[in-house]
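Engineer: missing the sequence, but the structure's below:
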């Protein structure tokens, strides 16, 4: 049974956008999408089906890691997009998880369930501001 839902295209959109940024062909992406630990590879046919919105089986974790490596994307971003598209899970709507706006940072807070959605967003904004300031200060120290 194919698990791709027609409503969500998060994973497809992520791969299409990133491949366009990289200016690479699907054959080139296949060659790059290899997990060196497991040896798993995202194959050309599967990548093509994903990009063309055709039904595919839900990818296993090692294939998602291979995609992350090949596309040069953070593993958690790839997994979040796959979870949204293939499993219908949207971490942005999960009140127990607070993500940064770019979906790369998750805040774990002891009493998050007691916070309102607005309070959790404010906390994520604080964390993003901190991360930006830190990156800026690290950039200055490299000069």
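Structural biologist: That came through fine. Computed from a predicted model, the values in this text were never measured in an experiment.

Engineer: contacting residues for residue 79?
Structural biologist: Applying CB atoms under 8 Å, 6 or more residues apart in numbering to residue 79 gives the contacts 61, 64, 68. The C-beta positions use only the backbone N, C-alpha and C, and glycine is treated the same way.

Engineer: Out of those, give me the one that has the most neighbours.
Structural biologist: In terms of neighbour count, residue 64 stands highest of the contacts of residue 79 at 23 neighbours, by other CB atoms under 10 Å.

Engineer: Do I have it right that that one meets residue 81?
Structural biologist: No: in this structure residue 64 lies outside contact range of residue 81 using CB atoms under 8 Å: 9.2 Å.

Engineer: before we move on, back to that, export the contacts of residue 79 to TSV and tack on distance to residue 40?
Structural biologist: Compiled in TSV, the contacts of residue 79 are given as follows (distance: CB to CB, whole Å):
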residue	distance to residue 40
61	9
64	9
68	11
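
Engineer: Filter those residues down to the ones in strands?
Structural biologist: Among those, DSSP state E puts none in strands.

Engineer: Now name the helix or strand holding the most centrally placed residue in the chain.
Structural biologist: The centroid of the chain falls nearest to residue 77 when counting by CA atoms, centre = their mean (1.7 Å). Using DSSP states H and E, residue 77 maps to helix 75-87.

Engineer: how about the helices in the chain?
Structural biologist: 10-22, 26-32, 44-51, 61-71, 75-87, 117-141 (DSSP state H).

Engineer: what's the distance between the shortest one and the middle of its chain?
Structural biologist: Yep, that's helix 26-32 we're talking about. Mean-position distance between helix 26-32 and its chain equals 19 Å (CA atoms, centre = their mean, to the nearest Å).

Engineer: what helices or strands is that helix leaning on?
Structural biologist: In terms of contacts (3 or more CB pairs under 8 Å, 6 or more residues apart in numbering; DSSP states H and E), helix 26-32 is packed against helix 10-22, helix 44-51, helix 61-71.

Engineer: Which strands or helices does the longest one pack on?
Structural biologist: Taking 3+ CB pairs under 8 Å, 6+ apart as contact, the helices and strands that helix 10-22 lies on are helix 26-32, helix 44-51, helix 61-71, helix 75-87.

Engineer: do that again at 6 Å, thanks
Structural biologist: The elements that helix 10-22 packs onto, with contact taken as 3 or more CB pairs under 6 Å, 6 or more residues apart in numbering; DSSP states H and E, are helix 75-87.
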